[in-house]
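Peer 1: Generate coordinates for the sequence data below:
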Amino acid sequence: PAQMLPAQRDGYGDPLVPRLLLGRRLRDLRESRGMTRADAARAVQGSPSKLTRIEMGRVGLRSDDITELLAAYGIRDEFEYSTLLTLAEQTRARPWWHDHRDVVPDGMGAYLSAEQAAKLVRRFEVGYIPELLRTEAYARELILRGVRADDDVRRRLDLLAQRQRWLRRR
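Peer 2: Predicted coordinates:
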């Protein structure tokens, strides 16, 4: 059976990749069975738009939903069943940046999740050093231009340091 990553055992990790993998596999299973989204949505007592959000990897899955979908798709293979249940569990993990969500700008959360999972990050910025290459002192000066509270500065610098650690992990 699939194993959880260490960071996911404590409720963190990042649900983006498991959501995308699970959504893609569920869509493939549904299509291979010749089912429409409406057919599959009935299996989870939901709407076709709910199934679209699941298949696009935008939302996590409750254990009831994944169990009902796998039954509707006729999944009996123990390994695949176990793997998909584990992925579904991982889709409900809090993202790694959850503790800093108060300083993460709207719309940036998905970027941070994708950045963590990426093998390559490319940024182009005019006039400033790209965020992930900034020293603490340089980042502090830029942050101070737009933030008044000392706590916000510290928390933003902590978030940047955590992102930089992810960059150096390989």
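Peer 1: This structure: helices as residue ranges?
Peer 2: 6-9, 16-32, 37-43, 48-55, 63-72, 78-90, 108-117, 136-146, 150-168 (DSSP state H).
Peer 1: what comes up buried for the second one?
Peer 2: Neighbour-count burial for helix 16-32, counted by 16 or more other CB atoms under 10 Å, picks out 16-23, 25-27, 29-30. All C-beta atoms are positioned from the backbone trio N, CA, C, and that covers glycine.
Peer 1: now the residues you listed in a markdown table, with distance to residue 157?
Peer 2: Below are these laid out as a markdown table (distance: CB to CB, whole Å):
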| residue | distance to residue 157 |
| --- | --- |
| 16 | 24 |
| 17 | 27 |
| 18 | 29 |
| 19 | 29 |
| 20 | 30 |
| 21 | 33 |
| 22 | 34 |
| 23 | 34 |
| 25 | 39 |
| 26 | 40 |
| 27 | 40 |
| 29 | 44 |
| 30 | 45 |
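Peer 1: Kindly indicate which of those lies nearest residue 124.
Peer 2: Distance to residue 124, by CB to CB, is smallest for residue 16 among the buried residues of helix 16-32, at 23.0 Å.
Peer 1: hmm, back to that, so which of the helices of the chain is nearest residue 98?
Peer 2: helix 108-117 (9.1 Å).
Peer 1: Show me what that closest one is packed up against.
Peer 2: In terms of contacts (3 or more CB pairs under 8 Å, 6 or more residues apart in numbering; DSSP states H and E), helix 108-117 is packed against helix 16-32, helix 150-168.
Peer 1: and it with helix 150-168, angle?
Peer 2: On the basis of axes from the mean of the first three to the mean of the last three CA atoms, to 10 degrees, helix 108-117 is oriented at 30 degrees to helix 150-168.
Peer 1: Scan the helices and strands of the chain for the one with the lowest mean pLDDT.
Peer 2: When the helices and strands of the chain are scored by mean pLDDT, DSSP states H and E, helix 6-9 comes last with a mean of 43.
Peer 1: if we can go back for a sec, from the buried residues of helix 16-32, pick the one nearest residue 147.
Peer 2: residue 16 (27.0 Å).
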